[in-house]
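Sharing a sequence plus its predicted fold:
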Amino acid sequence: MFRKILIANRGEIALRVICACKELGIRTVAVYSEADRHSLHVRFADEAVCIGPAKSARSYLDIPAVISAAEVTGADAIHPGYGFLSENADFAEVCEISNIRFIGPPPDVTRLMGVKDKARAAMAHAGVPTLPGSEGVVASAEEALSIAGGIGYPVIIKASAGGGGRGMRIVREPADLPPLFTQAQQEALASFSSPDVYLEKYLPAPRHIEFQVLADNHGRVEVFCERECSIQRRHQKLIEESPSPRVTPELRLEIASKLAEAMRAVGYTNAGTVEFLMDEEGRLYFIEVNARIQVEHPITEIVTGIDLVKGQLLLAAGERMPAVVPQSPLAPRGHAIECRINAENPETFAPSPGRITAFNLPGGPGVRVDTAAHTDCVIPPYYDSLIAKLITSGRSRAEAIARMNRALEMFVVEGIHTSIPLHQRILADPDFQAGCFDTTFVNRFLRENQRNAASKA
């Protein structure tokens, strides 16, 4: 087992890793920017090193600074959390060269998963269902027109090295394809330093379903019960739950079997998440692999009883899967929901950084809060606006929703705006309560709210 781990991240995920390390008797090193000098992850780590100014490019994304902090403190492993350097294959390689264990997949696998068209091809080769589309990168608008004509409109152009909705364009008519193809290439180049794009059939109202994976260094892969992530705005998730109201036990077992084979074939190890879109007929199609721990991992922990972050550490240290996953993680135990409490105006979605003047966390049965915030702390404007992850669980989906409503009402954050009122309105929506929604839900919900507000004015 590792003696000391450096955590190359901040906020609640840094605290989450510290908790796992404390339970395993591993010492921790926090790195922090000047803006995070008084953060809780700095306070609760055994050691802390300032690695630069507030801007992430000069601190949390500064590979030499992070490696230097690990070497100076004698850390023998680095946990990257999510975001920042977590899916940076070059960073993983530098860790290897420096004789520091990177807690994540091997660099070559991370690089493969980061190139979306190649990841798609690898999954298709193993029998994982994929959307109709190009076999690889599309070189020209003329080639794209030919492929789109074969699979039928609408189609979506995607950046091969992309994510987060950048480098993506939806094409509904052949005449629109050439200019949108050029726009997607230009945005992909600006965002990811690569103009490569590929084509897929576009699903206008899909559900977003993902499967958690853990894999050891000895060829064993475990696939966990799915997470439903369809409640999102501009490709940013707002509410997640497990299991999905739409996935049947038979479909879960079928996809898990194919995923285990696919991940084993590419040599995947440690934690990862495989994302799918579901069409109106309930069929799942692979879209991408996130080669890291996810923000929403707590809901999987709740319904399986397995500590995923501890699992990452044990697997990176060479443990075999039974030491991490003693029983099948496919059958969920009850239901769990997560609301991402963000520092933003719930009406305009404008960021709301600033000082928290009052902070009360909800409690009671079936409630968990992952946060690094507290009274008098400052939410800086430089990073993600996440304040806390509020997770509730119950024997049924209805009980988990009831507990979430109670917890949101008792969650007090003063001094800044938060997304809590938006979460409360979504949970009260009859379609959400019935489990009848897709990735277009939030846009429809917001439009209806605006119309209702206008009619009352």
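Ah, there it is. Since this is a predicted model, take the numbers as computed values, not measurements. Residues are numbered from 1 along each chain as shown.

Give me the most central residue, the protein.
Q294 (3.8 Å; Cα atoms, centre = their mean).

how close does that one sit to I18?
Using Cβ to Cβ, to the nearest Å, Q294 is found at 18 Å from I18. From N, CA and C alone the C-beta is placed, and that goes for glycine too.

just C339 next, same as before
With Cβ to Cβ as the criterion, C339 and I18 are 23 Å apart.

quick one: low-confidence parts of the protein?
Per-residue confidence for the chain (pLDDT under 70) gives these ranges: 453-454, 457.

domain ranges for it?
The chain breaks down into these domains under automatic domain parsing: 4-103, 132-201, 207-456.

how distant is the shortest one from the center of its chain?
A distance of 24 Å separates the C-alpha centroid of domain 132-201 from that of its chain, computed with Cα atoms, centre = their mean, to the nearest Å.

The closest residue in space to V412 that isn't next to it in sequence and E96: what is the separation?
Distances taken as Cβ to Cβ, 6 or more residues apart in numbering put N360 closest to V412, at 3.8 Å, once the chain neighbours are dropped. According to Cβ to Cβ, N360 stands 45 Å off from E96.

Strands of the stretch 1-150 of the chain, start to end?
4-7, 27-33, 47-52, 77-79, 101-102 (DSSP state E, counting those that start in this stretch).

out of those, which comes closest to G282?
Comparing those by their distance to G282 (Cβ to Cβ), the top pick is strand 77-79, with 36.6 Å.

Am I right that Y32 is in contact with A54?
No. Using Cβ atoms under 8 Å as the test, Y32 is too far from A54 to be in contact (10.3 Å).

Please say which of these two ends up with more neighbours.
A direct count of neighbours by other Cβ atoms under 10 Å for Y32 and A54 places Y32 higher, at 24 against 16.

residue contacts, the spatially closest residue to that one that is not a sequence neighbour?
Leaving aside its sequence neighbours, Y32 sits nearest to V42 (Cβ to Cβ, 6+ apart; 5.0 Å). Contact analysis of V42 by Cβ atoms under 8 Å, 6 or more residues apart in numbering lists A30, Y32, D36, A48.

Next one: V42 from G354, what distance?
V42 is 20 Å from G354, where distance means Cβ to Cβ.

Check F286 too.
Shown here: F286 relative to G354, a distance of 41 Å by Cβ to Cβ.

between these two, who's got more neighbours?
Remark: of F286 and G354, F286 carries more neighbours, 23 against 14, as counted by other Cβ under 10 Å.

so which helix or strand takes in that one?
strand 284-290 (DSSP states H and E).

Counting by contacts, list what that strand packs against.
Here strand 284-290 touches helix 107-114, helix 116-125, strand 270-278, going by 3 or more Cβ pairs under 8 Å, 6 or more residues apart in numbering; DSSP states H and E.

tell me the most buried of the ones you listed?
Comparing these by mean neighbour count (mean count of other Cβ atoms under 10 Å), strand 270-278 comes out on top with a mean of 23.

and G167, how many neighbours?
When counting by other Cβ under 10 Å, one arrives at 27 neighbours for G167.

And for N345?
If you count neighbours by other Cβ under 10 Å, N345 ends up with 16.

ditto for G363
10.

dump the residue contacts of it.
By Cβ under 8 Å, 6+ apart, the contact set of G363 is M410.

Report the separation between the nearest residue to L253 once chain neighbours are set aside and P249.
In this structure, L253 finds its nearest non-sequential neighbour in L330, 6.7 Å apart by Cβ to Cβ, 6+ apart. Distance from L330 to P249, counting by Cβ to Cβ: 8 Å.

between these two, which one's more packed in?
Using other Cβ under 10 Å as the criterion, L330 and P249 rank with L330 on top: 18 against 12.

Hmm, E226 and the more buried one touching each other?
No. In this structure L330 lies outside contact range of E226 using Cβ under 8 Å: 9.3 Å.

Identify the contacts common to these two.
Here L330 and E226 share the contacting residues R252, scored by Cβ under 8 Å, 6+ apart.

OK, contacts around the closest residue to V115 other than its chain neighbours?
Nearest residue to V115 in three dimensions, chain neighbours excluded: S160, at 5.6 Å (Cβ to Cβ, 6+ apart). S160 makes contact with V115, K116, D117, K118, V137, A188, S194, D196, V197, Y198, according to Cβ under 8 Å, 6+ apart.

secondary structure element for the last one?
Here Y198, judged by DSSP H and E, is contained in strand 197-201.

List the pairing partners of the helix or strand following that strand within its sheet, with orientation.
Per DSSP H and E, the first helix or strand lying C-terminal to strand 197-201 is strand 207-215. Next to strand 207-215 in the sheet, as set by DSSP bridges, lie strand 221-223 (antiparallel), strand 227-233 (antiparallel), strand 270-278 (antiparallel).

correct me, but A291 touches D108?
No. Using Cβ under 8 Å, A291 is not in contact with D108, being 11.1 Å away.

how about the strands in the stretch 251-400 of the chain?
Along the stretch 251-400 of the chain, counting by DSSP E, counting those that start in this stretch, strands occupy 270-278, 284-290, 335-342, 354-355, 358-360, 367-371, 378-379, 386-394.

Show me how far the third one is from its chain's centre.
Going back to what we said before, that points to strand 335-342. Here strand 335-342 is found 13 Å from its chain centre; the criterion is Cα atoms, centre = their mean.
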